[in-house]
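**Q** dropping a prediction and its sequence here:
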Amino acid sequence: MTSRSTPESAATPRPAGRRPLRRMTARGRDEAHRVASPLELLFDLCFVVAVAQAGAQLVHAVAEGHAGEGILDYAMIFFAIWWAWMNFSWFASAYDNDDVLYRVVTLVQIAGVLVLAAGVSQAFASHDFLVVWLGYAIMRFAMIAQWLRVARSTEGAERTMALRYAGGVLLCQVGWLGLLVAPEPGRPWVFLVVAIAELCVPLFAEKAFTTSWHPHHISERYGLFTIIVLGETIAAATVAVKSAVDEHDALGELLPIAAGGLLIVFSAWWIYFVVPIHGHLRSSAQAFLWGYGHYLIFASAAAIGAGLEVAVEQTVGKAHISTLSASAAVTLPTALYFLAVWALHSRYFKIGIAQQVVLPATALLVILCTFLGDWAVLASGIVSALAVAVGVVLTTRMVSREAAGNAARGV
């Protein structure tokens, strides 16, 4: 992740040739047709394994009536997943030279997130973060190795930047040991302090030199991860519905949840991809806020799937919570997703008050749907779909007015 953008002239061309080992120098921001690599796609898929594990444990915690504790654990673990994914994505956008060592180190990071995923249930059940810490450490030390390669391949301010990244990541990793040794009541405070320190590393590292991330590449990377998380949401909800139907023969009761959940996910996809966000990322300050803000988008998108599973379990009597609580498990993350997408994406492209208020109003209406009992999820899905329809109508009217005005002026 970077805090500012680099002028195109500051980036050097990508090394030529296909030697097994190449210098790790910056790629240009003006590269044409820059897209996600097959390795990055594999990286995303493996990270979603950890997201799925976190979501499954959140389902269990909420269904057992421990929502507060479960949400806190989910937020902490999801931060580790998201931050490691984001650091790699921005680094790769600037320095991916696709040589053998780069690929091997990236595969090590993938192994790290799988180790982290294996420790998620233990972290939720007994607050034992050893395996989670170990998986995160594997990913972070691999990231340190990448930055040290950059330092070896560059000089001057760029080399200083790379060394600052490596040192900052190392110090933060030491700080995360607090989750293993601190008393259990103090661990949330350890998390808060070290998480803030992690967020400050890019600001510190890039004071004198900024990396040459690629706007189109970054926007695609975030978009692809959003799609994968939404896909995991659909998969988790589908499995929950199938299991409930097989075990309890409750298809009639589950149809409103299935239909509502599908409408929510479809609408979530629509509103995220309706605007060309890469143009917005040309501003360094905007890119900084946009990248960090995706913690809310990714976490809420994954939590929607967990909420749908909770709603299914409550409907068939497997969850020890009220209908209101089960409904809130779906409506609250849905509302948060809409607000986060509006704040980070949509509001920069909306013209007029009518367009601007669509998503905030939708979030409010979705929250109110919480109180509709067994119909809460279906109502939330209908509200979400109507928000998409209203947005399309408003945009169409605006385009028609502009076309009519241009015709009147003879443009």
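**A** Ah, there it is.
**Q** distance of Glu40 from Arg221?
**A** 7 Å (CB to CB, to the nearest Å). All C-beta spots, glycine's among them, are computed from the backbone N, C-alpha and C.
**Q** identify the contacts common to these two.
**A** In terms of CB atoms under 8 Å, 6 or more residues apart in numbering, Glu40 and Arg221 are both contacted by the residues 89, 92.
**Q** compare those two (neighbour count), which wins?
**A** Arg221 (25 against 21; other CB atoms under 10 Å).
**Q** gap between that one and Gly291?
**A** Following CB to CB, the distance that separates Arg221 from Gly291 is 10 Å.
**Q** can you show me the helices along this structure?
**A** Along the chain, the segments classed as helices by DSSP state H run 38-63, 67-95, 100-118, 120-126, 130-153, 156-175, 178-181, 187-205, 215-248, 251-273, 284-315, 323-344, 353-368, 376-409.
**Q** list the contacts of the fourth one.
**A** Spelled out, it's helix 120-126. By CB under 8 Å, 6+ apart, helix 120-126 touches 50, 53-54, 56-58, 60-61, 70, 73, 77, 128-132.
**Q** follow-up on the earlier one: which one of the helices of the chain lies nearest to Arg23?
**A** Of all the helices of the chain, it is helix 130-153 that lies closest to Arg23, at 4.2 Å by CB to CB.
**Q** which strands or helices does that closest one pack on?
**A** On a contact count with 3 or more CB pairs under 8 Å, 6 or more residues apart in numbering; DSSP states H and E, helix 130-153 meets helix 67-95, helix 100-118, helix 120-126, helix 156-175, helix 178-181.
**Q** reformat those helices as CSV; add distance to Ala259 and mean neighbour count.
**A** What follows is these, written out as CSV (distance: least, CB to CB, whole Å; neighbours: other CB atoms under 10 Å):
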stretch, distance to Ala259, mean neighbour count
helix 67-95, 25, 21
helix 100-118, 31, 19
helix 120-126, 30, 18
helix 156-175, 44, 18
helix 178-181, 41, 16
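**Q** closest one to Leu263 among those?
**A** Taking the helices and strands packed on helix 130-153 one by one with CB to CB, helix 67-95 is closest: 24.2 Å.
**Q** mean confidence for the closest one?
**A** Average pLDDT, helix 67-95: 93.
**Q** check stretch 207-217 too.
**A** Per-residue scores along stretch 207-217 average to 86.
**Q** in that stretch, what's buried?
**A** 209-217 (16 or more other CB atoms under 10 Å).
**Q** likewise stretch 306-319?
**A** Under 16+ other CB under 10 Å, the buried positions of stretch 306-319 are 306-316, 319.
**Q** and for stretch 368-379, what are the contacting residues?
**A** Contacts of stretch 368-379 (CB under 8 Å, 6+ apart): 253, 256-257, 259-261, 263-264, 308, 311, 315, 323-324, 327-328, 330-332, 380, 383.
**Q** and what of stretch 216-232?
**A** 34-36, 40-41, 44-45, 47-48, 51-52, 55, 85, 89-90, 92-93, 265, 268-269, 272-273, 277-278, 281, 287, 291, 294, 297-298, 301-302, 305.
**Q** so how far is it from its chain's centroid?
**A** 8 Å (CA atoms, centre = their mean, to the nearest Å).
**Q** excluding residues flanking it in the chain, which one is nearest Arg159?
**A** Ala151 (5.0 Å; CB to CB, 6 or more residues apart in numbering).
**Q** tell me how far the one you found lies from Leu254.
**A** Note on Ala151: its distance to Leu254, by CB to CB, is 55 Å.
**Q** if we can go back for a sec, pretty sure the residue nearest to Arg159 sits against Gly167.
**A** No - between Ala151 and Gly167 there is no contact under CB atoms under 8 Å: 10.2 Å.
**Q** low-confidence ranges in this protein?
**A** 1-18, 248, 250, 278-280, 282-285, 399, 402-411 (pLDDT under 70).
**Q** again, only using 50
**A** Within the chain, the ranges that satisfy pLDDT under 50 run 1-17.
**Q** which residue is nearest the middle of it?
**A** The chain has Phe298 as the residue nearest its centroid, 3.0 Å off, counting by CA atoms, centre = their mean.
**Q** so what's that one up against?
**A** 51, 78, 82, 225-226, 229.
**Q** mind putting those into TSV with distance to Trp189?
**A** Shown next, in TSV, are those (distance: CB to CB, whole Å):
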residue	distance to Trp189
Val51	25
Phe78	18
Trp82	20
Phe225	29
Thr226	31
Val229	28
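**Q** closest one of those residues to Asp98?
**A** The closest of the contacts of Phe298, once distances to Asp98 are taken by CB to CB, is Phe225, at 19.9 Å.
**Q** identify the farthest-apart pair in the buried residues of stretch 207-217.
**A** Phe209 and His216 (22.2 Å).
**Q** ok, the closest residue to Glu69 other than its chain neighbours - contacts?
**A** Among residues not flanking Glu69 along the chain, Ala61 sits closest, at 6.3 Å (CB to CB, 6+ apart). By CB under 8 Å, 6+ apart, the contact set of Ala61 is 67, 69-71, 73-74, 124.
**Q** at 7 Å instead, please
**A** 67, 69-70, 124 (CB atoms under 7 Å, 6 or more residues apart in numbering).
**Q** please apply the same query to Asp98.
**A** Asp98 touches Ser37, counting by CB under 7 Å, 6+ apart.
**Q** cool, Phe349 as well?
**A** Phe349 sits in contact with Val275, where contact means CB under 7 Å, 6+ apart.
**Q** for Ala50, same thing?
**A** 81, 113, 116-117, 120.
**Q** leaving out chain neighbours, which residue sits closest to it?
**A** Ala117 (3.9 Å).
**Q** that neighbour touches Val49, doesn't it?
**A** Yes - at 5.1 Å, Ala117 and Val49 qualify as touching, with contact defined as CB atoms under 7 Å.
**Q** number of residues surrounding Glu31?
**A** 15.
**Q** what are the phi and psi values at the closest residue to Ala63 other than its chain neighbours?
**A** Nearest residue to Ala63 in three dimensions, chain neighbours excluded: Ala319, at 3.8 Å (CB to CB, 6+ apart). Dihedral angles of Ala319 (phi, psi; degrees, to the nearest 10) stand at phi -100, psi 140.
**Q** many thanks, I have nothing further to ask.
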